[in-house]
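Undergrad: structure of the sequence below:
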Amino acid sequence: LVLDATADLGAGAGAGATATAVRARASVRNVGERAGDEVLLVLGAPPGAGQDGRPLQVLLAFARLRGVRPGEKRDTTFEIDSDAFALSDAAGRRHLAIGTWSLWLAGSDGKVGSATSEVTIGGLRHEVGADEAVVVM
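TA: Below you'll find the predicted structure:
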């Protein structure tokens, strides 16, 4: 499992828009003798993980690759919206967790990929209400 992630927060986002925060690419190779499916999880640790009620990790994205043949290498791209990088405060309001996130990939076998990527989220602050998302510039 290989993960390569790049931050792209704020490109062309306007009021009420959800920006693509991170584009992550993952590669999987079937080293077995039979075709099979693979579920990929992109996990992230927010800035200050485990402190002040922040989670140790969050699920940012997932994908199911169906019918990966023996010896086949399959690539997939995750377009992770900025809302995935939002955490709730004590009042239940969600805010973009600005700072450096560590990202890694896990497979359906429970194994975690050996490589991690770090991305820095910043530039826009999202406040997510009950009815809509508002982008504050």
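
Undergrad: so where is the chain shaky, pLDDT-wise?
TA: Applying pLDDT under 70 to the chain flags the ranges 1-21, 110-115, 123-137.

Undergrad: which stretches in it count as strands?
TA: With DSSP state E, the ranges of strands along the chain come out as 2-7, 20-29, 36-45, 58-68, 73-81, 86-88, 94-96, 99-106, 112-121, 125-128, 133-136.

Undergrad: and those as JSON lines, adding distance to residue 52 and mean neighbour count?
TA: The way it works is simple: take the backbone N, C-alpha and C, and place the C-beta from them, glycine included. Formatted as JSON lines, those follow (distance: least, CB to CB, whole Å; neighbours: other CB atoms under 10 Å):
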{"stretch": "strand 2-7", "distance to residue 52": "23", "mean neighbour count": "18"}
{"stretch": "strand 20-29", "distance to residue 52": "22", "mean neighbour count": "20"}
{"stretch": "strand 36-45", "distance to residue 52": "14", "mean neighbour count": "19"}
{"stretch": "strand 58-68", "distance to residue 52": "15", "mean neighbour count": "15"}
{"stretch": "strand 73-81", "distance to residue 52": "24", "mean neighbour count": "14"}
{"stretch": "strand 86-88", "distance to residue 52": "10", "mean neighbour count": "16"}
{"stretch": "strand 94-96", "distance to residue 52": "13", "mean neighbour count": "18"}
{"stretch": "strand 99-106", "distance to residue 52": "13", "mean neighbour count": "19"}
{"stretch": "strand 112-121", "distance to residue 52": "17", "mean neighbour count": "16"}
{"stretch": "strand 125-128", "distance to residue 52": "18", "mean neighbour count": "18"}
{"stretch": "strand 133-136", "distance to residue 52": "22", "mean neighbour count": "14"}
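
Undergrad: need those in TSV (columns: distance to residue 51).
TA: Converted to TSV, these look like this (distance: least, CB to CB, whole Å):
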stretch	distance to residue 51
strand 2-7	22
strand 20-29	22
strand 36-45	11
strand 58-68	14
strand 73-81	23
strand 86-88	12
strand 94-96	16
strand 99-106	12
strand 112-121	17
strand 125-128	20
strand 133-136	24
